[in-house]
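> The sequence and its predicted three-dimensional model are supplied below.
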Amino acid sequence: MSTASHETAATVAAVILAGGAASRLGGTDKTRLPIAGASVLERVLRAAPVGRRIVVGPSGADGGDLAARHGARFVLEDPPRSGPLAALARGVAEISEAPDEATVLVLGGDMPLLRPETLRALAARSAETGRVVALESKDGHVQFLGAAWPLGRIRAELSEIEHDGGGWADLSLRRLYGTLGEGELVSLPVTGSEAADIDTPDALDQVRRAAGPRIALAQIEVPTDHESMVAVVRGAVAEAAQEGAHLVLLPEATLTPFGTDLRAAAETHHEDFARLLQELADEHSLVVVAGSFSPADDGRVHNTVLVRGPGGTPSLEYRKIHLFDAFDADESATVAPGQELVTFDLAGTRFGLATCYDMRFPEQFTALARRGAHAILLPTAWAEGPGKREQLQLLLRARALDSTSVILAADQSPPAGYAGRAPRGIGRSAAVGPLGRIRQELGLEPGLLMVDLDLAEVETARATLPVLRHAVPLPER
């Protein structure tokens with residue numbers, strides 16, 4: 001399995017300014033402050049949608065590790081402490097071999113809630129228009145260190161404003177942006193706290209309140225052989241942990257795919273599977289959520305989502321409420337319905353649970369949101385068929401809008417050439433924002449999609465679109 005590609009073809013590098021101590025934070029290096037389990041700088045490195053990352057600033061004690069894990073190169077401005085423009089020029093010099101028509105991202109090392117999809121949009125817009133494209137902060141100002149530049153343009157402007165004796169000591173970034181003529185700078189609005197930087201204790205507190213846990217959506221091909229399934233799950237969870245996940249979501253029917261003997265698998269392997277998830281949660285210090293089947297009293301099974309956390313917290317299960325008796329399928333013949341909604345808390349974030357066909361029933365999602373869910377975890381094994389991909393995307397977006405919650409869906413990746421009738425997934429695992437925008441999406445193949453939750457995004461969506469508060473009971477007749 002490999003993580004979802006965050007490459008932007010036209011973008012050659014991200015230059016990240018990480019200049020060290022901040023006076024308003026007591027001399028602390030703000031780029032190394034912890035935010036939701038990772039340093040600020042590491043979060044910026046994870047968000048940068050390119051393989052080449054140039055960090056202009058001290059490498060510090062963690063530099064070697066960050067360089068190895070994120071392909072980063074640390075350099076210092078010359079002379080040291082000569083200011084942000086000199087630092088930027090030093091970073092641009094590191095990509096001297098790149099052509100002028102390429103695009104470079106200019107980022108701040110103190111912006112922990114940047115998103116890969118937003119940075120890709122900045123780079124794509126800059127490459128398309130040949131303009132400088134920057135994030136627009138909530139107060140309407142342009143973020144100088146959240147922008148995409150045509151590489152040739154930034155080289156030319158740096159050359160134009162260089163001191164007569166050489167260098168850019170004590171020149172501000174405002175001087176650089178001031179060279180741009182009318183219409184040469186385009187801004188893109190931000191969502192949630194993605195444009196936030198850390199300059200004051202208050203800003204740090206706000207970012208820490210907004211930063212939710214990191215979620216891995218593991219899109220796997222589920223083997224019919226139990227031991228092979230165990231190996232796939234072990235690999236997916238280990239990779240999620242390596243990517244810094246606090247929670248990994250595996251698909252519906254991870255225990256055994258549809259089309260196999262569900263009752264036999266439930267009786268033989270469900271308890272062992274639950275123990276496996278607990279073992280992996282303890283080993284990797286994260287929460288594991290995966291679809292299983294547990295025996296029901298009437299000879300059928302429950303389509304069960306297991307949640308296991310380190311040390312047994314949380315430890316719970318959700319039984320699928322709505323059964324897929326549609327499109328010529330008859331899930332209720334072998335599966336008994338559940339009746340209870342389930343939520344749980346992790347790192348200040350409340351999660352709700354639903355499974356696949358549940359997504360066609362908006363009441364379940366609004367009920368979870370009214371119970372406080374910021375995000376809803378949705379393991380699926382979506383059935384292939386005419387129009388089904390379009391329906392999946394439409395339903396994911398609609399349920400996000402209904403509940404003004406983040407929807408996190410992990411589907412199965414179907415076996416190559418699969419033509420059976422039992423649902424084996426169509427891929428397209430996705431993260432959908434609370435206003436219905438697909439933020440990230442996988443294709444057909446197995447992969448890992450990493451999502452950093454921004455709770456301010458949910459708060460803002462619910463204030464902007466207060467459907468949960470406006471809903472009124474309607475008469476049944």
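Perfect, thanks for sending it. Numbers count the residues shown, from 1 in each chain.
> for the stretch 201-350 of the chain, what are the low-confidence residue spans?
In the prediction, the stretch 201-350 of the chain carries no residues with pLDDT under 70.
> Repeat that for the stretch 351-477 of the chain.
For the stretch 351-477 of the chain, no range has pLDDT under 70.
> got the residue ranges for the strands in the stretch 51-200 of the chain?
Here the stretch 51-200 of the chain has its strands, by DSSP state E, counting those that start in this stretch, at 53-56, 72-75, 103-108, 132-136, 142-150, 185-189.
> mind checking which of the ones you listed is nearest Pro466?
Among the strands of the stretch 51-200 of the chain, the nearest to Pro466 by C-beta to C-beta is strand 185-189 (20.3 Å). C-beta: built from backbone N, CA, C; applies to glycine.
> burial of Ala72, as a residue count?
24 (other C-beta atoms under 10 Å).
> List the beta-bridge partners for the residue nearest to it when sequence neighbours are not counted.
In space, and not counting its chain neighbours, Ala72 is closest to Arg53: 4.4 Å by C-beta to C-beta, 6 or more residues apart in numbering. Beta-bridge partners for Arg53, by DSSP bridges, are Ala14, Ala72.
> which residues does Arg53 contact?
Counting by C-beta atoms under 8 Å, 6 or more residues apart in numbering, Arg53 touches Ala13, Ala14, Ile16, Leu45, His70, Gly71, Ala72, Arg73.
> Can I get the strands of the stretch 51-200 of the chain in JSON lines including mean pLDDT?
Formatted as JSON lines, the strands of the stretch 51-200 of the chain follow (pLDDT from 0 to 100):
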{"stretch": "strand 53-56", "mean pLDDT": "97"}
{"stretch": "strand 72-75", "mean pLDDT": "96"}
{"stretch": "strand 103-108", "mean pLDDT": "97"}
{"stretch": "strand 132-136", "mean pLDDT": "96"}
{"stretch": "strand 142-150", "mean pLDDT": "95"}
{"stretch": "strand 185-189", "mean pLDDT": "93"}
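> deepest of those, which one?
strand 103-108 (a mean of 28; mean count of other C-beta atoms under 10 Å).
> Which other helices and strands does that strand contact?
Contacts defined by 3 or more C-beta pairs under 8 Å, 6 or more residues apart in numbering; DSSP states H and E place strand 103-108 against strand 11-17, helix 116-129, strand 142-150, helix 151-161.
> helix or strand for Leu204, which one?
helix 201-210 (DSSP states H and E).
> now for that helix, which elements pack on it?
Using 3+ C-beta pairs under 8 Å, 6+ apart, helix 201-210 is in contact with helix 455-464.
> Strands of the stretch 351-477 of the chain, start to end?
Using DSSP E, counting those that start in this stretch, strands in the stretch 351-477 of the chain cover 375-379, 406-410, 430-432, 438-441, 447-454.
> which residues of this structure fall in helices?
40-47, 63-70, 84-93, 116-129, 151-161, 173-177, 201-210, 226-242, 262-284, 362-370, 388-403, 455-464, 467-470 (DSSP state H).
> just checking, what packs against the third one?
Counting contacts by 3+ C-beta pairs under 8 Å, 6+ apart, helix 84-93 is packed against strand 11-17, strand 53-56, helix 151-161, helix 173-177.
> now the first one and helix 151-161, what's the angle there?
Angle of strand 11-17 versus helix 151-161, following axes from the mean of the first three to the mean of the last three C-alpha atoms, to 10 degrees, is 40 degrees.
> Buried residues, strand 11-17. List them.
Within strand 11-17, the residues scored as buried using 16 or more other C-beta atoms under 10 Å are Thr11, Val12, Ala13, Ala14, Val15, Ile16, Leu17.
> Could you tell me how far the fifth one is located from Ile407?
Counting by C-beta to C-beta, to the nearest Å, the gap between Val15 and Ile407 amounts to 34 Å.
> again, but for the second one
Using C-beta to C-beta, one gets 34 Å for the distance from Val12 to Ile407.
> And for Gly109?
Look at Gly109 and Ile407: by C-beta to C-beta, they are 31 Å apart.
> swap in Thr179?
43 Å.
> Over to stretch 216-227 now: how far is its first residue from its last?
The first residue of stretch 216-227 is 23 Å away from its last residue (C-alpha to C-alpha, to the nearest Å).
> Can you give me the buried ones in it?
Per 16+ other C-beta under 10 Å, stretch 216-227 contains these buried residues: Ala216, Leu217, Ala218, Gln219, Ile220, Glu221, Val222, Pro223, His226.
> before we move on, what about stretch 228-237?
In stretch 228-237, the ones that count as buried by 16+ other C-beta under 10 Å are Met229, Val232, Val233, Ala236, Val237.
> With distance to Arg263 added, can I get the residues you listed in a markdown table?
Formatted as a markdown table, the buried residues of stretch 228-237 follow (distance: C-beta to C-beta, whole Å):
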| residue | distance to Arg263 |
| --- | --- |
| Met229 | 17 |
| Val232 | 22 |
| Val233 | 21 |
| Ala236 | 26 |
| Val237 | 26 |
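> just those residues now: which is nearest Gly60?
Val237 (30.1 Å).
> ok, the closest one touching Val248?
Yes: taking C-beta atoms under 8 Å as the definition, Val237 is a contact partner of Val248 at 5.4 Å.
> and for these two, which residues touch both?
Counting by C-beta under 8 Å, 6+ apart, the residues touching both Val237 and Val248 are Ala218, Leu286, Val288.
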